[in-house]
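Student: Fold the following for me, if possible:
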Amino acid sequence: MLLVPPQYEFLGTSACQARATEMSAIFHRCFCRSPGEQWPVERFESFLAYGHAMAIATTDSIYSTCCYMTGGDSAEVISMATDPLYQHKGYATVLLRHLCAVWRTQGIRTAVLVVRQSNQVAQYVYRKCGFIPGASVHGAYTGTLAENGIKMKCLL
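Tutor: Predicted coordinates:
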């Protein structure tokens, strides 16, 4: 059962840029595990200089966000994050399903992503949205939490 409030909206890249500090804070809470590790807002802003983002939000909060690239008839999810306060409530599912629908209207036929092998929750969300697991990606994640990834693909 989805617990997403009815008053949410989808933010496109420009709106995400305007709320870059909030977006960066969500990525920090989701991905920074080591003491002193940061996810600076400049990192998010530099990605948006050449990439795209979409978020599900209200005027008060951003719940879930997805950074992605497009080219030709394909899209690649670079990173997806849901604020830990709002995880397991359906935000990521609603956002990714909406994004896949938008991509279809833009003529995009396939979407791909790489997810950590250990991230079973994310894999479940991606499968619900039509992504099929494929090959293992050796060394996909590096640093203190190095791990292999799984490539997933969705035919839109």
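
Student: tell me the contacts of residue 68?
Tutor: Taking CB atoms under 8 Å, 6 or more residues apart in numbering, we find residue 68 in contact with 51, 52, 53, 54, 75, 76, 77, 78, 99. (Each C-beta comes from the backbone N, C-alpha and C, glycine too.)

Student: the longest helix in the protein is where?
Tutor: When the chain is parsed with DSSP state H, its longest helix is helix 91-105.

Student: contacts for it?
Tutor: 2, 4, 8, 10, 54-56, 63-66, 68, 70, 75, 77, 80, 82, 111, 122, 125-126, 128-130, 154, 156.

Student: mean confidence for the next helix or strand after it?
Tutor: The helix or strand immediately downstream of helix 91-105 is strand 110-116, counting by DSSP states H and E. On average, the pLDDT along strand 110-116 is 97.

Student: Let me see the ranges of the strands in the chain.
Tutor: 9-11, 52-57, 62-71, 74-82, 110-116, 132-141, 147-155 (DSSP state E).

Student: can you tell which of those is closest to residue 29?
Tutor: strand 74-82 (8.1 Å; CB to CB).

Student: Would you mind pulling the contact partners of the closest one?
Tutor: 26-27, 30-31, 47, 51, 63-70, 91-92, 95-96, 103, 108-113, 122.
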